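Novice: Here is my input, please return the structure:
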Amino acid sequence: MTIEKIIQTREKSKKELKKLGFVFPDSKANFIFASHEKIPAEQIFEALREADIYVRYWKKPRISNFLRITVGTEEQMDRLLDFLREYVESATAQYK
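Specialist: This is a model prediction of the structure:
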């Protein structure tokens, strides 16, 4: 039952992240390794951290523009997605 809930939450989150301009390899794990098409990962990481939303970020070659987003509860993922909807809208305005 727990595995099914994680899968459902992951798939819903992937769908919503794609709508926001994130790209990622297909994930069958309990995390999503995502990058935004316009906003640097480090910038998103810092904004999330300031909002007390924690994802993983490594400043290393080849992965420095990716965030490792662990699939949490539905409520946790909704909080992340709500934040990202607002953040992406305001941040992409500066990249136009």
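Novice: Surely residue 37 touches residue 24?
Specialist: No. Shown here, residue 37 and residue 24 do not form a contact pair, counting by CB atoms under 8 Å, at 11.1 Å. In this view, the C-beta of every residue, glycine as well, is placed from N, C-alpha and C.
Novice: In terms of neighbours, single out the busier of the two.
Specialist: A direct count of neighbours by other CB atoms under 10 Å for residue 37 and residue 24 places residue 24 higher, at 17 against 10.
Novice: I'd like to check which residues are in contact with residue 48.
Specialist: Going by CB atoms under 8 Å, 6 or more residues apart in numbering, residue 48 touches 54-55, 80, 83.
Novice: and it, which of the three is it?
Specialist: Here residue 48 is recorded as helix under DSSP: H, G, I helix; E, B strand; the rest coil.
Novice: just checking, residue 68 touches residue 56?
Specialist: Yes. Between residue 68 and residue 56 there is a contact at 3.8 Å, judged by CB under 8 Å.
Novice: And the contacts of the lengthiest helix in the chain?
Specialist: Secondary structure of the chain per DSSP state H: the longest helix is helix 74-94. By CB under 8 Å, 6+ apart, the list of residues contacting helix 74-94 from outside reads 5, 9, 12-13, 16-17, 20-21, 36, 38-39, 43-44, 47-48, 51, 53, 55, 69, 71-72.
Novice: okay, it in CSV with CA atoms only?
Specialist: Output of helix 74-94 as CSV, limited to C-alpha atoms (Å, rounded to 0.1, in the frame of the first residue of the first chain):
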residue,chain,number,x,y,z
GLU,A,74,1.1,14.2,-0.8
GLU,A,75,0.9,17.3,1.5
GLN,A,76,4.6,17.8,1.4
MET,A,77,4.7,17.6,-2.4
ASP,A,78,1.7,19.9,-2.7
ARG,A,79,3.6,22.5,-0.6
LEU,A,80,6.6,22.1,-2.8
LEU,A,81,4.6,22.4,-6.0
ASP,A,82,2.6,25.4,-4.7
PHE,A,83,5.9,27.2,-3.9
LEU,A,84,7.4,26.3,-7.3
ARG,A,85,4.3,27.6,-9.2
GLU,A,86,4.7,31.0,-7.7
TYR,A,87,8.5,31.0,-7.8
VAL,A,88,8.8,29.8,-11.4
GLU,A,89,6.3,32.4,-12.6
SER,A,90,8.2,35.3,-11.0
ALA,A,91,11.7,34.0,-11.8
THR,A,92,11.0,33.2,-15.5
ALA,A,93,9.8,36.8,-16.0
GLN,A,94,13.4,37.9,-15.4
